[in-house]
Structures are given as structure tokens and as C-alpha cells.
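Asks: Quick one, what's the 3D model for this:
(4 chains)
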2 protein chains.
Amino acid sequence: MRSRENLIPVYYRLADDIKQQIEAGVLKDGDLIPTEAQLGEQYAISRMTVRQGIALLAEAGLIATVKGKGSFVTRPRLNQLVIDLTNSGVSKEQLRYKLVSVNLVRNNLELAHELGLSGETNIIAVKRLLFKGQLPVAIEEKFLRYQKGKPLLETQLEYADFPELVAKHQDSVPVRNDMVISVAALSAEQAKLLETEEVLPALVVKQVIYAKEDKPLGVSIMVCHKDRFELKATSYPLSGRL
Amino acid sequence: MRSRENLIPVYYRLADDIKQQIEAGVLKDGDLIPTEAQLGEQYAISRMTVRQGIALLAEAGLIATVKGKGSFVTRPRLNQLVIDLTNSGVSKEQLRYKLVSVNLVRNNLELAHELGLSGETNIIAVKRLLFKGQLPVAIEEKFLRYQKGKPLLETQLEYADFPELVAKHQDSVPVRNDMVISVAALSAEQAKLLETEEVLPALVVKQVIYAKEDKPLGVSIMVCHKDRFELKATSYPLSGRL
DNA sequence: CAGTGGTCTAGACCACCAT
DNA sequence: TGGTGGTCTAGACCACTGA
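Replies: Prediction:
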């Protein structure tokens, strides 16, 4: 029952039809869409195929299906925004990295606690500078558990993004990344690295990467020059496939 | 073929098994998982049921399926973080709102351009103050196209969040929300509203809500006190169902 | 009780990929 | 060419909802 001329699957066509009706206001927030049986009859397709289309709409947040009742039109989840770090701030191609320092930290209790370690464990601290062209835009500081027999190759230090770095260097598999965005003033040292005046505020982006069971694997703190870096987010990717 | 004792569906069990193997490192990044036919035989279930489990894993970003080849284990998309505005910053229960002003703006070219309007159109400007307990934490300024015959009721002004407000007041259906996060210094007026010193920097969160075909419906700008407000994001919700 | 979505089957044909 | 995932069917039984 696939459309003859088009290569697009039937269930996709069904989902798109309903999406159009929602975006045009024909189907409004709270409305019940036709039952799966009815849609199957309308499109002359089997119920399992209808369900495939329904699933697309539910995944995109356009409808919510309730067992025993039906599928309701819902306002898209515009309160859920996605930050894509691989694209945000500055496009990846323009970015250059410069390694500032690599250290072994010991007896830093606050850091050790954040990484779920005792104070005596060695922690690797990597500091990088991010450039956009010739302009330094951010200082990135990363802290990882010291993992024996897993040297941090310089290529990894220079190019890998943070989750990738953690994945390569740790034995545990990273499964979650938590982020906190805040504002802080630049220290004298940070201002010097960013080639700017001391008094400037900065955007601070802190990430903590976890393995399963909330085991922390690494911490990253980015201090971004306020006029050279922006974080972007959008609700769209969630419904990107439709 | 549903598990007899448990109420959990078989396809969910299959997905969870594979997820455990990935998180334990048994299946590594790039590995091929068994084919759908093999999994069907292993679990003694039909191929369509296997595919339901596979779909869960793909949705969570744990695997990527390639037509004609198979399903590969992939590192979870830790670079994609979700901001949930209904929970971020401060928990919703603690928030109080105070309406500062409602104005009709005309001939503000910059604003009109952002809303896709000519300079002579009326724009509604709503300014609110957000409190956490007795402390003002942020100034929220919203701009919407003036829509005839759709008054902004005061209850909506006080309580609705931004996408909800836009949905209620505009004829077009909102479908996308873009956000830019940056840093700026407080103006004297803003500092006074936030009951703080003038020189402080602030977190600035700007949102633009669009209808289909990139038609802008509304703009919201939140200016947040640096010590009283944080934005949180996490990669986890994307794989929350598993 | 009738109607709904949730799960599951045992097939089928196709498009794509590697060899 | 044989193997893979992508689509689709025409059934079935279940759990949940509401009257």
C-alpha cells in the first residue's frame, strides 16, 4: 500500500497529514484525533501501519496517546530546548584549540568530592584555550579521574570534545551529561588568557559526565568571553524527523 | 510471548538487556548488535517485536541502524543537552510573579523586524518580575503581535509561561522556540527592579517563538540575577524511557 | 459492556549493502 | 548473490477507560 509515485512510506504520509492539520489549527490543543481503526480505514492501511505514524507524532510531542481513551493533540513541548554543543556558540570549523596546561591534582577535596573520589587520588587537570580565528573566546578546564595505563595523547587533548575525551580515557561508559549555566566575573589570570580587561563578567558552562549509577567520570568548566560566545538552543530538533 | 510474571513487555526487556550490555562495556562503540532475525530467535519472539525494542534503543541514541548493514552501538549523544524551562532555575512551586507593566509599542523598528512586522504595527509589551520567596530573581519582558479581539487577561499575564501565553493569544499555532543565552550588565532600572547594585552582570535568556514557515509570534527576554538564577540542562531526558 | 490503545504473531515484498 | 533492515498485512488477545 506504499504510495506508487513517491518513495515516502504511507505511515509517514499519514503523520504529516495530521501534523499539517495541527499546524493549520484544524486540530486544536486537546482535540481527539481519529481512532487507529478509523485512520486505518481512511487510508486503507493496516492498524500496525497506522500505529507507526501515530508513534512519529507522539515522539515529536504533537500528540499524546492515552490507553483506553485515544490520542489527543498537545501543544508541542516548546519548554524543552536542546543545546547542541557541536554546533553552539561558534561553528566547529572556525574553532581552534590551544593547550595551556596538563597537571596532576591531588588533595583538592572539592574536586575529588565532585568526582566521587577520596582526596588522595590523582586527578588529571587539562586547561585549553578556544580560539575563533585569532581571538580567544573561552577557557576550558577539564578534570578526570586518573586512569592507570590510559595516557592522554596530545591529539586527544587538542581535538576531542569533552564527552569523547571521557569516553576514550575512562573504562566506564559515559551515559549522562549534566550542565549548569551561570555567570561569574573573570579572575585576573582568566582575563589575561582571554586578552581582555579584568572586570568583565563571563558565561560559565559547567558539565559533569556520569557513568551508570550516577558515578561521575569527569568535570568540565568553560569560562566564555561575554561578547565572543553565545549558547544557542532550540525546541525544533525534537520533532526534526517530521 | 509476554513475560508471565512481569508486566513489562518483551520488547522492553530486550532493549534493556542490550542497554545493560552497552553500559557495562560488553558491547562497545561501533560494535554490531545481533541481527533482527537472530534476536528474534534468541528471545523466541517475532521480528516486528524485536524491531520495537530496537526502535527504543535507536530513539535513546544508544544504537544507529543502517539499512542493509545492521545496528551499530554508538556513543550516546552527550553533546545534546535538554533545558526544561518548567523545572530549570527554580522549582515552579517556589516561583511568584509580579506584573510590572503592559504597554502598546509602536514604531520600534528593531522589535517590529524581529516579529516580522512593519514599524507601524502595534506590539504588546509585558514586563514581569519573577520572585523566589521575597527575592526578585529575574526580569521577564515579552513582546507579542497585537491580535485584535484577543485581550490579554490578567490571569494569563500573571501565570502562563511564555509558550502557553503565545498559544493562547495568537491565532497561529506555535511550533518552534529558539533560545540564545548570553551575558550583559544590568541597567540602572533593571538593577533597581532586582533590588541589587548597578554594576552586576546578568544572565540573559532570549526566546523567539515561531509558527510554521518561520513566522515569528513572540519574543521573550529574561534578565536573571547572577547569584539567584541558574540554567540547568541534561542529556538524560532523551533516553528517559529506557 | 463496548471501544480504545498496547502488545504480539507469522508471514510477505522491497531497497540497500557487500561480495 | 545472500543478508540486512524498512515497510506492511490481517489477524489475535490483552488492559484500560467510560457509560
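
Asks: touching DNA strand C at all, the strand or helix carrying residue A:16?
Replies: Per DSSP states H and E, residue A:16 falls inside helix A:10-23. No - using CB under 7 Å from any atom of the strand, helix A:10-23 stays clear of DNA strand C, with a minimum separation of 11.9 Å. For the C-beta atoms, the positions are set from N, CA and C on the backbone; glycine is no exception.

Asks: Other residues contacting that helix?
Replies: By CB atoms under 8 Å, 6 or more residues apart in numbering or on different chains, the residues outside helix A:10-23 that reach it are A:1-3, A:6, A:27, A:33, A:39, A:43, A:45, A:49-50, A:52-54, A:56-57, A:60, A:62-63, A:73, A:242, B:173, B:175, B:211-212.

Asks: what's the helix or strand for the nearest residue to residue A:228 once chain neighbours are set aside?
Replies: In this structure, residue A:228 finds its nearest non-sequential neighbour in residue A:137, 4.1 Å apart by CB to CB, 6 or more residues apart in numbering or on different chains. Secondary structure assigned from DSSP H and E places residue A:137 in strand A:135-145.

Asks: buried residues in the helix or strand that that strand is followed by?
Replies: Using DSSP H and E, the helix or strand that follows strand A:135-145 in sequence is helix A:154-159. For helix A:154-159, a neighbour-count test (16 or more other CB atoms under 10 Å in any protein chain shown) marks residue A:157 as buried.

Asks: so where's chain A uncertain?
Replies: For chain A, residues meeting the criterion pLDDT under 70 lie at A:1-6, A:87-93, A:237-242.

Asks: again, only using 50
Replies: Counting by pLDDT under 50, the ranges of chain A that qualify are A:1-5.

Asks: residues from it in reach of DNA strand D?
Replies: A:1-2, A:9-12, A:44-49, A:52, A:66-69.

Asks: Just these: which are in strands?
Replies: Using DSSP state E, the members of these that fall in strands are residue A:66.

Asks: Buried only: go through the residues of chain A next to DNA strand D for me.
Replies: Buried, going by 16+ other CB under 10 Å: A:10-12, A:45, A:49, A:52, out of the residues of chain A next to DNA strand D.

Asks: tell me which of those is nearest to residue B:120?
Replies: The closest of those to residue B:120 turns out to be residue A:12 (CB to CB; 42.9 Å).

Asks: Sort out which of the contacts of helix A:10-23 are buried, if you could.
Replies: Counted by 16+ other CB under 10 Å, the contacts of helix A:10-23 give A:27, A:33, A:39, A:43, A:45, A:49-50, A:52-54, A:56-57, A:60, A:62-63, A:73, A:242, B:173, B:175, B:211 as buried.

Asks: I'd assumed residue A:148 was in contact with residue A:170.
Replies: No - at 11.7 Å, residue A:170 does not count as touching residue A:148 under the criterion of CB atoms under 8 Å.

Asks: neighbours of residue A:114, just the number please.
Replies: Residues near residue A:114, counting by other CB atoms under 10 Å in any protein chain shown, number 16.

Asks: Next up, the contacts around it.
Replies: With contact set as CB under 8 Å, 6+ apart, residue A:114 has these partners: A:143, A:208, A:216, A:219.

Asks: May I see these organised as JSON lines, with neighbour count and secondary structure added?
Replies: As requested, those are exported to JSON lines (neighbours: other CB atoms under 10 Å in any protein chain shown; DSSP: H, G, I helix; E, B strand; the rest coil):
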{"residue": "A:143", "neighbour count": "21", "secondary structure": "strand"}
{"residue": "A:208", "neighbour count": "20", "secondary structure": "strand"}
{"residue": "A:216", "neighbour count": "20", "secondary structure": "strand"}
{"residue": "A:219", "neighbour count": "20", "secondary structure": "strand"}
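
Asks: Between those, which sits nearest residue B:124?
Replies: residue A:208 (40.6 Å).

Asks: Assess the claim that the closest one and residue A:214 are in contact.
Replies: No - with contact defined as CB under 8 Å, residue A:208 does not count as touching residue A:214 (9.9 Å).

Asks: So what's the residue count around residue A:94?
Replies: Every residue meeting other CB under 10 Å relative to residue A:94 is counted, giving 11.

Asks: That one is in contact with residue A:133, isn't it?
Replies: Yes - in this structure, residue A:94 is within contact of residue A:133 by CB under 8 Å, at 6.7 Å.

Asks: Who are the packing partners of the strand holding residue A:137?
Replies: strand A:123-132, helix A:162-169, helix A:188-193, strand A:215-225 (3 or more CB pairs under 8 Å, 6 or more residues apart in numbering or on different chains; DSSP states H and E).

Asks: Now find how far off-centre the last one is within its chain.
Replies: So that's strand A:215-225. Offset of strand A:215-225 from its chain centre (CA atoms, centre = their mean, to the nearest Å): 14 Å.

Asks: Tell me which residues are up against it.
Replies: With CB under 8 Å, 6+ apart as the criterion, strand A:215-225 contacts A:89, A:111, A:114-116, A:130, A:136-145, A:162, A:165-166, A:170, A:172, A:174, A:184, A:186, A:190, A:194, A:196, A:200, A:202-211.

Asks: Helix or strand next in line after that strand, which one?
Replies: Following strand A:215-225 toward the C-terminus (DSSP H and E): strand A:231-234.

Asks: name the helices or strands packed onto that following strand?
Replies: Here strand A:231-234 touches strand A:80-84, strand B:176-185, going by 3+ CB pairs under 8 Å, 6+ apart.

Asks: Pairing partners for the helix or strand just after the first one, with directions?
Replies: I take that to be strand A:80-84. Next helix or strand after strand A:80-84 toward the C-terminus (DSSP H and E): strand A:95-105. Sheet pairing for strand A:95-105, assigned by DSSP bridges, gives strand A:123-132 (antiparallel).

Asks: now what about the partner strand, what contacts it?
Replies: A:90, A:94-106, A:108, A:111-112, A:115, A:117, A:136-146, A:152, A:157-158, A:193, A:222, A:228.

Asks: Any of those buried? List them.
Replies: Among the contacts of strand A:123-132, those buried by neighbour count (16+ other CB under 10 Å) are A:90, A:111-112, A:115, A:117, A:136-146, A:152, A:157, A:193, A:222, A:228.

Asks: how near is the closest residue to residue A:46 other than its chain neighbours to residue A:34?
Replies: Of all residues not flanking residue A:46 in the chain, residue A:40 sits nearest, at 6.3 Å (CB to CB, 6+ apart). Using CB to CB, to the nearest Å, one gets 9 Å for the distance from residue A:40 to residue A:34.

Asks: any idea how chain A splits into domains?
Replies: Using automatic domain parsing, the domain parsing of chain A gives A:10-73, A:92-225.

Asks: My guess is residue A:185 contacts residue A:200. True?
Replies: Yes - here residue A:185 reaches residue A:200: they are 7.3 Å apart, a contact under CB under 8 Å.

Asks: ranking the helices and strands packed on strand A:231-234 by burial, who's on top?
Replies: Highest mean neighbour count among the helices and strands packed on strand A:231-234 (mean count of other CB atoms under 10 Å in any protein chain shown): strand A:80-84, with a mean of 22.

Asks: That one versus strand A:176-185: what angle between them?
Replies: 80 degrees (axes from the mean of the first three to the mean of the last three CA atoms, to 10 degrees).

Asks: For strand A:80-84, what is the distance to the chain centroid?
Replies: That offset, for strand A:80-84, works out to 6 Å (CA atoms, centre = their mean).

Asks: And stretch A:70-79, by the same measure?
Replies: Relative to its chain's centre, stretch A:70-79 lies at 22 Å (CA atoms, centre = their mean).

Asks: Is that stretch positioned near DNA strand C?
Replies: Yes - on the criterion CB under 7 Å from any atom of the strand, stretch A:70-79 is in touch with DNA strand C at A:70-71.

Asks: Thanks a lot, see you next time.
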